[in-house]
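Structural data only, the sequence is not supplied:
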């Protein structure tokens, strides 16, 4: 067994894992303020990628397409919040689970019909030729994914630490009522978190589409793995999400090689079930002291 | 400054407040006392907007605010230091205070600079908070958290402040400190509505007081008169 | 009462007769195929409804159980050459097995975690079915010949009747189950898992049963599915199918067997509806008008908010507009389902059957809740002989959480047959103490003994089974159940019939007795006339009385009442006094936490006063009230030390918390 080959695989897989981390960020953002997540986040990634593709085909240069795509992602995120999440939150129910699933299905179907079921290549100005980094051959696109994720992580951490609004986010998560008493609109904060989450999804789409090509199913598998990453890594650990993403990506590559390419998905799925079984409170809620 | 008129409110199908009316004049410290379960905290929540009243009016400096979202009422100049303090545990003392002025400060750059004047005032009032400004609020002692909650409410430079059971769960020595603070605030001219279970303490600092029982005001008057009133004792300890 | 039974039974028999006779009247293989599929999906959705409707959780694994059952049945025939019945049994067994396995990690989960867990399982199953080619044939598919049923080869008609038969059996069994204590227990644990545990009904146990049952039915449906199509491919059993199943359950109506059948019908007919453009436009148009009417009514009557009124209109509007503009509606299938599901979730959350049953009950003026005579109270709550001696011993109990000493060395004895009051100012630890005793929290140190035996710690369920029952300061009623059901469910711990007997419908006698016993308890607290009211519609005061009746259902040795008078108006307080006196008169030992001093004075034999987690006084109510330490604790005097009792209170209080 050639170590170089294994190292290569692990590296490629790990870089792919960074995308999971990116989508997982989206979950952390909305969970942080509202204890809810968008089960249709994968479709958001996919639709944003398609919209960007269309924009490019209409003649928009790449460097304009990206911000436009991010804006669309944000708008989609806001739409999800308004249509699927707000009502359930007001009723203090968990209806948003089904509602976000429904919206995801709607987006999927619309995408299938508007853009077709085939996978299409996604343009990127980044050259395709692999370069060698530490003896491992990596394509610049894959590198761009890693850089993109790290940039987002840095931006979000900056936002959380350096702006009052970021502080307000944490406040709403810590104690919604007390935050309202400070003049922080909890609804507004939730809206914002969904908007940013949508933007992150769009970025994930733009970064990963050149690798996976754009198609209706491009993100369905992705999102489950992002869930795994979010659950295992923990809610507020931005760093943890990246680490777990890397590990999961690497694990998947190895599984694909040693067990069979069809089993690639398995580690993420098994990890998710195990993580939920062992640490159910882990991500989605600290073990709260029950008040009766 | 604050006028409550025939306020009714409840949770679900039950009504907890059955027509509460009270007035807090500008610059006055008004106490709302009564036994547990009387509806004092419910009254505070109905005023600050955490609970929507079913009937009645709440007027802040002449403006009706009943039914508005709590965040809006806060921005209109009402500050509420809630029961149980509810500080933002993972955030630092300074962050908690800055958030208190959320309505007034810019959201991105420069909020620290703009907030400095207010911060200094609060640290002046509570030097211990100044010492612990970078500490996570959740690690503070109960008394310190109460100071933080009060300081946070002051940061908004409110027209009216509501303080809900500041003595709850605190050791007697600390309770002394809290009431000393309340006295100092009163001297500073703040308009304050104070809810307290410790009736005698509250009556000592207040300009005027209301006694609540079972969702209604049953007695009101100057503290000196109420302190001698047997009915206050009765309200708390039955016959 | 008879009217209702006849109408429902009549409807069931009628529908069955129609369904059974169709192949005799119509010789159309297409129709037959649809009906067969209807029966199969009916079984599948009934299984799904157990978790989605009764437990109230989003279960995304049912399609996986369908697939697993299908392959199990297929393999039973292709590998082992079994007949129809063993193959179907294998399918159901495999469904149960995997359901049980998944239930284990999924059991402790709620809401999104549960949904994720099941989603993960779904994806894992698809992968496994695809990859284990040597067993399943992988993506190429598996040919499955239809096995004979006891030697008889089944053609289309015969197979249809078999499916129908299985549906009927499942219907009857589930009908028995869901209208029994089990069904109530499933609903109770959705509404308040804490109260369910406190009533001695193990939430984990019941969730596991519900989930396994649902998955077993899924597996069974899978077996029939395999023999219907006689060809299996893993690509079928995927997420999209799952969403369609959810659509069926939600649209048809949750918590309803009829809802599952109606939902199945919709799923089966939908593709045909879609391929016929005119029909589709007609239906979507009708749907749009209905949504519009309902929306306007909602806004005018102010019964629904603007979003709830308008969103379904917009969704149905899109559907109708789409139907007119788009020619290939088949391709937009998923979007159509999504829009329909959206409109229903927001505008008609109870589904078609929920709506229909309300409508029909009003139309036929059916008495929706026939009641028998209540039992004699003595039979339900026998008078206990008053012994003497202590019932509950608490020694040096402590509970510290994160630096806060909520309970700080409490020693207290509750004598058999007494009403023991527990009072103290806000934050003194009364509720916390009682939460430790009842098992909600595990103590940091100290002993608690009931009848001289140590109590289990940190387990509401086990403590309840030892004979302690309680009410809650923040009400924990089972809000979706009626008052009667609330009390009936609590009796599950003490008179429970084994599951197989329930499925066979042999538990009706016990059911009736439980019902009459529960009625007796409701009458005792003055809620006899409200037995059929959904408990969330009861006024606050009545809900408090309901909790008391429910707590009595288990005939506990010790009853803990946590602020039963909170929020009660004076006439209700008077009634409360009578009720508690009545309970006490039957020899019940009671711990009463209260702030209402009149209640405490009139009822309690002895009162313990807590402050800062410690006992500061104990004695007869009148003595305790005059105790200066107690007065100080409540009113907070600025008196200096020097008064008896005050010094001890000052110095006993802990330093900065």
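Everything's here; your move. In this text the structure is predicted, and so the values were computed from the model without any measurement.

going forward, measure contacts and count neighbours with C-alpha atoms only.
Will do.

who's in contact with whichever strand or helix holds residue A:86?
Element membership of residue A:86 [criterion: DSSP states H and E] is helix A:86-90. Applying C-alpha atoms under 8 Å, 6 or more residues apart in numbering or on different chains, the contact partners of helix A:86-90 are A:34, A:94-96, C:307-308.

Out of the residues you listed, flag the one nearest to residue A:261.
residue A:96 (34.2 Å; C-alpha to C-alpha).

Could you check how far the residue nearest to that closest one when sequence neighbours are not counted is from chain C?
In space, and not counting its chain neighbours, residue A:96 is closest to residue A:85: 5.0 Å by C-alpha to C-alpha, 6 or more residues apart in numbering or on different chains. Separation of residue A:85 from chain C (C-alpha to the nearest C-alpha, to the nearest Å): 11 Å.

Enumerate every residue touching residue A:85.
Residue A:85 makes contact with A:36, A:95-96, A:99-100, according to C-alpha under 8 Å, 6+ apart.

same question, residue A:269
Counted by C-alpha under 8 Å, 6+ apart, residue A:269 has contacts A:224-225, A:228, C:120-121, C:123-124.

Let's see which of those end up in helices.
Members of those lying in helices (criterion: DSSP state H): A:224-225, A:228, C:120-121, C:123-124.

quick one: secondary structure of residue C:10?
helix (DSSP: H, G, I helix; E, B strand; the rest coil).

ranges for the strands of the chain?
Looking at chain A here, since you left the chain open. Secondary structure of chain A (DSSP state E): strands at A:131-133, A:136-138.

Chain C, not that one
With DSSP E as the criterion, chain C has strands at C:142-143, C:231-232, C:390-401, C:404-415, C:419-423, C:445-450, C:453-454, C:468-470, C:558-562, C:589-593, C:606-611, C:614-619.

how deep is whichever residue of chain B sits closest to chain A tucked in, by neighbour count?
Chain A sits closest to residue B:71 of chain B, with a gap of 3.8 Å, by C-alpha to the nearest C-alpha. Using other C-alpha atoms under 10 Å in any protein chain shown, residue B:71 has 24 neighbouring residues.

what's the spacing between the closest residue to it other than its chain neighbours and residue B:150?
Closest residue to residue B:71 apart from its sequence neighbours, by C-alpha to C-alpha, 6+ apart: residue A:183 at 3.8 Å. Distance of residue A:183 to residue B:150, computed by C-alpha to C-alpha, to the nearest Å: 15 Å.

Among the contacts of helix A:86-90, find me the one that's closest to chain B.
residue A:34 (15.9 Å).

hang on, isn't that closest one packed against residue A:188?
No. Contact criterion C-alpha atoms under 8 Å: residue A:34 and residue A:188 do not qualify, at 11.0 Å.

ok, those two, which is more surrounded?
Comparing residue A:34 with residue A:188 by other C-alpha under 10 Å, the one with more neighbours is residue A:34, at 22 against 10.

Pull the number of nearby residues for the nearest residue in space to that one that is not next to it in sequence.
Spatial nearest neighbour of residue A:34, chain neighbours left out: residue A:190 (6.2 Å); criterion: C-alpha to C-alpha, 6+ apart. Residue A:190 sits with 27 neighbouring residues when counted by other C-alpha under 10 Å.

Likewise for residue C:555?
Residue C:555 has 18 nearby residues by other C-alpha under 10 Å.

what's near enough to touch it?
Contacts of residue C:555 by C-alpha under 8 Å, 6+ apart are C:380-381, C:467.

ok so, going back, what pLDDT is listed against the residue nearest to residue A:34?
If you check residue A:190, the pLDDT there is 92.

do the one 10 residues further on as well
For residue A:200, the model assigns a pLDDT of 92.

State the number of residues packed around it.
Residue A:200 has 27 neighbouring residues, counting by other C-alpha under 10 Å.

do the same with residue B:205
20.

do the same with residue C:205
For residue C:205, the neighbour count with other C-alpha under 10 Å is 10.

Would you mind naming what in chain A lies close to chain B?
Listed as neighbours of chain B in chain A under the rule C-alpha under 8 Å from any C-alpha of the partner chain: A:162-165, A:167-168, A:170-171, A:174-175, A:177-185.

Burial check on residue B:188, number of neighbours?
10.

Can you read off the backbone torsions of it?
Per-residue torsions, residue B:188: phi -70, psi -10 (degrees, to the nearest 10).

State the distance from it to residue B:180.
Noted for residue B:188: a distance of 13 Å to residue B:180, by C-alpha to C-alpha.

hmm, stretch C:599-614 touching chain B?
Yes. Stretch C:599-614 reaches chain B (C-alpha under 8 Å from any C-alpha) through residue C:612.

Contacts only, for residue C:225.
Here residue C:225 is in contact with C:37, C:40, C:70 (C-alpha under 8 Å, 6+ apart).

close enough to count as contact, residue B:78 and residue B:161?
Yes. The pair residue B:78 / residue B:161 is scored as a contact, 5.9 Å apart, by C-alpha under 8 Å.

And the residue nearest the centre of chain B?
When chain B is reduced to its mean C-alpha position, the closest residue under C-alpha atoms, centre = their mean turns out to be residue B:163, at 1.5 Å.

Quick check: next helix or strand after the host helix or strand of that residue?
Take DSSP H and E as the rule and residue B:163 turns out to sit in strand B:160-164. Moving toward the C-terminus from strand B:160-164, the next helix or strand (DSSP H and E) is helix B:172-187.

Does the helix or strand following that next one reach chain C?
For helix B:172-187, the succeeding helix or strand toward the C-terminus, using DSSP H and E, is strand B:192-196. No. Strand B:192-196 is not in contact with chain C by C-alpha under 8 Å from any C-alpha; minimum separation 9.4 Å.

Where does the stretch 51-200 of chain A get nearest to chain C, which residue?
residue A:106 (4.5 Å).

give me phi/psi at residue B:53?
Per-residue torsions, residue B:53: phi -70, psi 150 (degrees, to the nearest 10).

three-state assignment of the spatially closest residue to it that is not a sequence neighbour?
Counting by C-alpha to C-alpha, 6+ apart, residue B:53 lies nearest to residue B:9, which is 4.5 Å off, once chain neighbours are set aside. For residue B:9, the assignment made with three-state DSSP gives strand.

if I pick residue 198, what's in contact with it?
Unless you meant another one, I'm taking chain A. Contacts of residue A:198 (C-alpha under 8 Å, 6+ apart): A:26, A:41, A:44, A:70, A:73-78.

could you do chain C instead?
Residues near residue C:198 by C-alpha under 8 Å, 6+ apart: C:438, C:460-461, C:463-464, C:469-470.

do the same with residue B:68
B:49, B:52.

how far away is the residue of the stretch 1-150 of chain A found nearest chain B from residue C:305?
Closest to chain B within the stretch 1-150 of chain A is residue A:91: 12.4 Å, counting by C-alpha to the nearest C-alpha. For residue A:91, the distance to residue C:305 (C-alpha to C-alpha) stands at 11 Å.

Of the two, which one has the most company?
Taking neighbours as other C-alpha under 10 Å, residue A:91 and residue C:305 compare with residue C:305 leading, 12 against 9.

Just give me how far stretch C:537-557 sits from the chain centre.
18 Å (C-alpha atoms, centre = their mean, to the nearest Å).

any idea of the mean pLDDT for it?
Average pLDDT, stretch C:537-557: 91.

Which positions within it qualify as buried?
For stretch C:537-557, the neighbour count (16 or more other C-alpha atoms under 10 Å in any protein chain shown) marks C:538, C:540-557 as buried.

Among the residues you listed, which are located in helices?
Those of the buried residues of stretch C:537-557 lying in helices (DSSP H): C:540-552.

Of these, which ones also sit close to chain B?
Contacts with chain B within those, as defined by C-alpha under 8 Å from any C-alpha: C:540-541.

want to try TSV for the ones in helices among the buried residues of stretch C:537-557, with distance to chain A as columns?
TSV is the format used below for those (distance: C-alpha to the nearest C-alpha, whole Å):
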residue	distance to chain A
C:540	16
C:541	17
C:542	19
C:543	15
C:544	14
C:545	17
C:546	17
C:547	13
C:548	15
C:549	18
C:550	16
C:551	15
C:552	19
